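# 3D, please:
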Amino acid sequence: MKCLLCTNDKEKMAKAHIFPIGFFNNIETKGRSETYRSSGERGRRLQKAIYDENIVCHDCEHGILEPLDDYAIKILRDKQGLFDQVLHPGAKDTKLLVFDNIDKTKLRRFFASVLWRISVSKQLELRSLSVGSFYEQKIRDELCNGGAVEYIDVFVFFLTSPMHNAFFVPCRKKIKPMDTKRDGQSVNGWVLQFPNICITLSLDKRRHPNRVFFNLSPELTESHTELLISTSIHPENESYKFMVVEAKNDKGIIEQIMATLKKSNGNLA
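Sure thing, here's the model as predicted:
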């Protein structure tokens, strides 16, 4: 068979998980995960998420995809590198989780690899989903050649409510701008949902229209200096520490952030 990533002919392909299995290991469901579509429709019960034995070879699985999966699990599931937790000044029961020394390029490559796997897989839940031939090829080239995938950006929520402890099938989404004075158009994107984690992911040459930036005062961080934090992992924002919003759910949080920024003279950049 031909590996869809390196395009080499291989005698045997890898049992590749479309979504890293590590994100599902903490679910107490006797090894099976419920699946749901964005409409709420229930799908198959899956043994440890979705895998496909027809997309990548062992070399690509263990040499390219697995290291990206392992890194994302450390950051997004295990919260390694967590630097500070700050109560959101304008939203009840909401925290801003700040990470330090995050490899943003590796995170972008991880998210791109998940989108690529979704797009090329013919599994039941995914066969109707595609990023299109242009991005399939572009992501494949960058994964194989160490590209920076600068057209990927994210807004990540950690959702603490038990109702989010399930697997939702990815869906395409037009991401609307928070501030039309800054971003005039919606951009192409996706929603990825791992257990208790929701990622709104932009796949577009235009910037993620929900990106926010905070300049946290020493009073909030209990430190001696101000702290520059952002939801963005775009390369131009390397000077900002990576921020994830933690809340019971993600409903209304964007609006609360907007209101807080206006009161505090913060910025969306």
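# For L227, give me its contacts.
By CB atoms under 8 Å, 6 or more residues apart in numbering, the contact list for L227 reads D84, V98, F214, N215, L216, T221, K241. (Each C-beta comes from the backbone N, C-alpha and C, glycine too.)
# For burial, what's the neighbour tally of the last one?
In other words, K241. 19 (other CB atoms under 10 Å).
# I figured it hits V86, correct?
No - if you go by CB atoms under 8 Å, K241 and V86 don't touch, sitting 11.2 Å apart.
# Now list whatever residues contact both of the two.
Common neighbours of K241 and V86, using CB under 8 Å, 6+ apart, are V98.
# what's the residue closest to the geometric middle of the protein?
In the chain, the residue lying closest to the centroid (CA atoms, centre = their mean) is I199, at 4.1 Å.
# Now do the SS call for it.
I199 carries the three-state label strand when classified by DSSP: H, G, I helix; E, B strand; the rest coil.
# show me what contacts it?
I199 touches F111, V154, F155, V156, F157, V191, L192, Q193, counting by CB under 8 Å, 6+ apart.
# Against which helices or strands is the helix or strand harbouring the second one packed?
The reference is to V154. If you go by DSSP states H and E, V154 is part of strand 152-159. Here strand 152-159 touches helix 104-120, strand 197-203, strand 241-247, going by 3 or more CB pairs under 8 Å, 6 or more residues apart in numbering; DSSP states H and E.
# Sheet partners, orientation included, of the strand or helix carrying V86?
Following DSSP H and E, the helix or strand that holds V86 is strand 82-87. Note on strand 82-87: by DSSP bridges, its sheet partners are strand 95-99 (antiparallel).
# got the angle for the strand it pairs with vs strand 241-247?
Computed with axes from the mean of the first three to the mean of the last three CA atoms, to 10 degrees, the direction of strand 95-99 lies at 150 degrees from that of strand 241-247.
# low pLDDT regions in the protein?
Along the chain, the model assigns pLDDT under 70 to residues 26-49, 88-92, 218-225, 250-269.
# how about the helices in it?
Per DSSP state H, the chain carries helices over the ranges 58-60, 66-72, 104-120, 133-145, 218-221, 253-264.
# Please identify which of these is closest to I50.
helix 104-120 (9.1 Å; CB to CB).
# Flag every buried residue along the closest one.
Buried residues in helix 104-120, counted by 16 or more other CB atoms under 10 Å: 104-105, 107-120.
# counting contacts, what elements does it pack onto?
Other helices and strands packing on helix 104-120, by 3+ CB pairs under 8 Å, 6+ apart, are helix 66-72, helix 133-145, strand 152-159, strand 187-194, strand 197-203.
# got the ones you listed as JSON lines, with distance to D59 columns?
Listed next are the helices and strands packed on helix 104-120 as JSON lines, based on distance: least, CB to CB, whole Å:
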{"stretch": "helix 66-72", "distance to D59": "11"}
{"stretch": "helix 133-145", "distance to D59": "11"}
{"stretch": "strand 152-159", "distance to D59": "24"}
{"stretch": "strand 187-194", "distance to D59": "26"}
{"stretch": "strand 197-203", "distance to D59": "26"}
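# hey, which of these is tucked in deepest?
Among the helices and strands packed on helix 104-120, strand 152-159 has the highest mean neighbour count (mean count of other CB atoms under 10 Å), at a mean of 24.
# now the angle from that one to strand 197-203?
160 degrees.
# hmm, who's touching strand 152-159?
76, 97, 107-108, 111-112, 196-203, 207-208, 210-211, 231-234, 244-250, 253.
# hmm, back to that, looking at the contacts of I199, spot the one nearest I64.
Lowest distance from I64 to the contacts of I199 (CB to CB) belongs to F111, with 14.2 Å.
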